[in-house]
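Asker: pasting the sequence and the predicted model now:
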Amino acid sequence: MNTDLTKRTVADAAPDVAVLSGTNIDNEITELFYLDRYITDKIELPHSYNDVSFEYDTFITQDNFNAKIDLLHRNFLYLNAQTKLAINDMPLDGVWEGAIGTETTVNGFKFLSPQTNTEAVTNVAASNGTVLSGFTDSSFVQDKDGSRFVGFVPVKNGTTLLALEVEHTSTAPYITAGRDPLDRFGGSGITTLEAATDLSFTNILDVEATKDGKLFVLDNNLIHKLNVESVLTHGTALTGVGRFLENSIGGETSSKAINSKFKAAKKIALDKNDNVYVLDPSLSGYKIFDKNLNWKENKIVASQFKALSGDTFIDINVHRSTGDVYLLSRDGVITTYSTSGNFLNTLTFSDRVSGETFKNIIFSEINNNIFYVLTETNLYKKFVSRPSESIGTYKTSNILNMAAVSGTEAFSFFDVASGIGDRETLFLGSESTATYEPPVTNAPVGKIFIEPYEKTNYKTLAYDHYKTQTYDLSSVYVEKDEYVSSFMVNKALYKILFNHMIFNDHIHSKVTGTYQANGQLELTDIEYLQEFETHILNLSANSNYFVGVNEPCIADVVNRCVKKIHNLQLEIAGTLQTTTTNKYPLPEQTVELS
C-alpha cells in the first residue's frame with residue numbers, strides 16, 4: 001500500500017472539527033479514550049511489547065491469544081485517538097468584540113461598543129466621563145427570549161452591581177448599552193440592581209446566575225438570593241423590592257458551629273441542582289446550602305488548607321456532571337473533592353507562567369471535559385481529564401494592541417454562557433492603564449471582551465475514510481469453536497495488520513509547535529508528511545508478520561509476529577509526535593546556573 005501525497009488537498013487535510021464517522025472504531029475509541037491530546041504530549045503506547053507478548057513457555061490457547069490481540073487493538077485505538085489534536089483558537093479565530101465601560105453621571109453607566117475596538121478607545125476619549133473599572137466578578141446567562149445574553153457584573157470594586165444585555169443575533173456580538181439598546185432597561189441596555197432592590201452593596205466578591213432567573217450575590221459575608229426573572233425578559237424595567245430580594249443569610253462569625261454565618265467567605269458556586277457552595281478559607285473548608293439558602297452541611301478539610309503553606313484557596317466550582325468540587329489556590333494548585341466531600345486529588349499546573357496570580361476556575365457549559373482557568377495575565381483552556389497541562393492560552397498581550405492603551409493589562413473576570421447553537425460565548429473582563437485626551441489621563445480602563453462561537457476544535461492528522469474499511473475486533477478474534485492453528489493465527493494477524501496498514505496510509509500530516517519565551521509550547525500548524533520523513537509510507541507485509549506453514553504455533557514463533565506489529569505501532573507513534581521548530585530556552589535567553 002503506497003501513499004500518494006500529491007492527491008491530498010489542504011481542505012481535506014485539516015478540518016477544524018474532529019470528524020467522527022460513527023463507525024465501530026469511533027465507538028471503541030470513545031469508550032476507551034478521551035480526545036484530549038495536548039501539543040506537548042509524548043505519544044507512548046499504553047501497552048508495551050512485554051504486555052502483548054507471550055511468556056516463553058506459554059501454551060497458545062484461544063483465550064490467551066485473543067487477550068494479546070485485544071491489547072494490540074487497544075494500542076491501535078490509542079494511535080487513532082492521537083490523530084486528533086485539540087487546538088487553541090481563542091486568540092486566532094475568535095471574534096472578541098471589546099467594549100469599554102464609562103460612567104458619565106451618578107449611575108449613568110455606558111459601555112462604548114462600536115464596530116471596532118479602536119473606535120471604542122477613541123469614543124472614550126470624547127465621552128467626558130470617567131472610565132468604569134473595578135470589576136470583581138461576572139455571571140452571564142441567556143435571556144428567556146433566547147435572543148440575547150444578560151450579564152450581572154459588579155463594578156467599582158464591588159460596590160455597584162450592573163445588569164447589562166449583550167446582543168448576539170448579529171455577526172459580531174456587542175454590549176447593547178451604547179449601541180442599539182432595547183427596552184429591557186428603559187432604553188439604555190444597562191441598569192443597576194441595587195436601585196431596584198434597596199440593597200446597599202459594600203464589597204461584592206462573587207455573583208452566580210441560574211437559567212431560570214435566580215441570582216446569588218456574595219457581598220462580604222452576606223449571601224443574597226434575588227429573583228431576576230424580569231431582567232431576563234423584554235418586560236418593564238426593574239421595579240419593586242419584593243420581586244427581587246427573596247432571601248439573605250450570613251454575617252460574620254469565628255465559630256465553625258454557626259452554620260449560617262461565615263468568617264471570611266471568598267467565593268460561591270452552584271451545582272446542577274443550584275445548591276450553593278460557599279468557600280470560607282478562614283474556616284478551612286466550604287459550606288453547602290440548598291437553592292433556598294437553607295444550610296445542608298459543612299465540609300471542613302483543614303489538612304489540604306494547611307498543606308498550601310502560605311498559599312490560599314481563592315475560588316470554588318462544581319463540575320455539573322460528576323458533582324466533584326474543585327478548589328483553586330492563588331498560586332495555581334487545584335484540589336478536588338467528591339460529592340460526599342472525600343479528598344480526590346491535588347495538582348499544580350505544569351505549564352503555568354512563573355509568578356502569575358490565579359483568579360477563577362470555570363467549567364464549559366457545552367463540553368463536560370473542558371474547563372478554563374483565569375489568571376491576571378492568561379486564560380487557560382484545559383481538559384478535565386488531564387488538567388495539569390493546557391490546550392492553549394489567551395494572553396493579555398493579545399489585547400494590548402488597542403490604540404492609545406498603554407501600561408499593564410490585567411484580567412479581572414471570566415464567564416461562559418451557552419445558547420448559540422452548539423457553541424458557547426466567552427466573556428472576559430480586563431483592566432489596563434490608559435492615556436487618552438483629557439479628561440482621561442493615565443486612568444484605569446475597564447473592558448469586557450466577548451467571543452461568541454467558542455467550541456473545542458481539533459486539527460486532524462489523518463483522513464477518517466479508512467475507518468469504514470477496517471475489521472472490527474470481534475472479527476479478528478479466534479472463535480471458541482476454532483482450533484488454534486497457524487492458519488487461524490495468521491488470519492487474525494492479517495486482519496489486525498491490515499487495520500494498521502490502511503490507517504498508516506491515511507496519515508497525512510504532522511504537528512509542529514514553537515516554544516514561547518515563557519516556555520509554553522504553542523501550535524504552529526500541521527504540515528504534510530514528506531516521503532523522506534518516514535520510511536513506513538511504503539509499508540508492505542512480509543513473511544515475518546505471519547507464522548510459517550511448517551512452523552509450530554508456539555510462543556516464540558507467535559511473538560516474532562507480534563513484535564513486528566508492535567514495532568509498526570511504535571513507528572506510527574513516532575510519525576504522530578509533535579515536531580518543534582525551536583528549542584527552549586530560546587537562544588537569546590540568559591540561563592542562570594545555581
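Answerer: Cool, got the structure.
Asker: just give the nearest non-adjacent residue to F371, would you?
Answerer: F363 (4.7 Å; CB to CB, 6 or more residues apart in numbering). Using the backbone N, CA and C atoms, a C-beta is placed for each residue, glycine as well.
Asker: ok, that neighbour - contacts?
Answerer: 317, 319-320, 370-372, 384, 416 (CB atoms under 8 Å, 6 or more residues apart in numbering).
Asker: could you do D137 as well?
Answerer: So D137 contacts 153-154, 204-207, 413 (CB under 8 Å, 6+ apart).
Asker: strands along the stretch 351-500 of the chain, start to end?
Answerer: Here the stretch 351-500 of the chain has its strands, by DSSP state E, counting those that start in this stretch, at 358-363, 370-375, 378-383, 392-395, 410-420, 423-434, 443-454, 457-460.
Asker: pull the distance from the third one to the chain's centre.
Answerer: The reference is to strand 378-383. 6 Å (CA atoms, centre = their mean, to the nearest Å).
Asker: out of the strands of the stretch 351-500 of the chain, nearest to V511?
Answerer: Closest approach to V511 among the strands of the stretch 351-500 of the chain is made by strand 457-460 (7.2 Å; CB to CB).
Asker: what's the closest one packed up against?
Answerer: Under the contact criterion of 3 or more CB pairs under 8 Å, 6 or more residues apart in numbering; DSSP states H and E, strand 457-460 touches strand 84-87.
Asker: what average pLDDT does the strand it packs on get?
Answerer: The average pLDDT within strand 84-87 is 87.
Asker: which residues touch that strand?
Answerer: So strand 84-87 is contacted by 16, 18, 35-39, 383, 391-392, 456-461, 511, 523, 526 (CB under 8 Å, 6+ apart).
Asker: list buried residues within those.
Answerer: Using 16 or more other CB atoms under 10 Å as the burial test, the contacts of strand 84-87 include 18, 35-39, 383, 391-392, 456-461, 511, 523, 526 as buried.
Asker: so where's the stretch 451-594 of the chain shaky on pLDDT?
Answerer: Residues of the stretch 451-594 of the chain meeting the criterion pLDDT under 70: 532-540, 591-592, 594.
Asker: could you do the stretch 201-350 of the chain as well?
Answerer: The low-confidence ranges in the stretch 201-350 of the chain, as defined by pLDDT under 70, are 234-243.
Asker: can you give me the helices for it?
Answerer: With helices called from DSSP state H, counting those that start in this stretch, the stretch 201-350 of the chain shows them at 302-306.
Asker: kindly report the domain assignment for the protein.
Answerer: 5-85+464-580, 90-455 (automatic domain parsing).
Asker: among these, which is the most enclosed?
Answerer: Ranked by mean neighbour count under mean count of other CB atoms under 10 Å, the domains of the chain are led by domain 90-455, which reaches a mean of 19.
Asker: how about Y528, nearest residue that isn't a chain neighbour?
Answerer: The spatially closest residue to Y528, leaving aside those adjacent along the chain, is S509, at 5.5 Å (CB to CB, 6+ apart).
Asker: next, the one you found: phi, psi?
Answerer: The phi/psi pair for S509 (degrees, to the nearest 10) reads phi -140, psi 170.
Asker: so it touches D525, yeah?
Answerer: No - at 9.0 Å, S509 does not count as touching D525 under the criterion of CB atoms under 8 Å.
Asker: residue contacts, T348?
Answerer: 331-334, 388.
Asker: what comes into contact with stretch 482-495?
Answerer: 60-62, 65, 69, 471, 475-478, 541, 545-549, 551, 553, 558, 561, 565.
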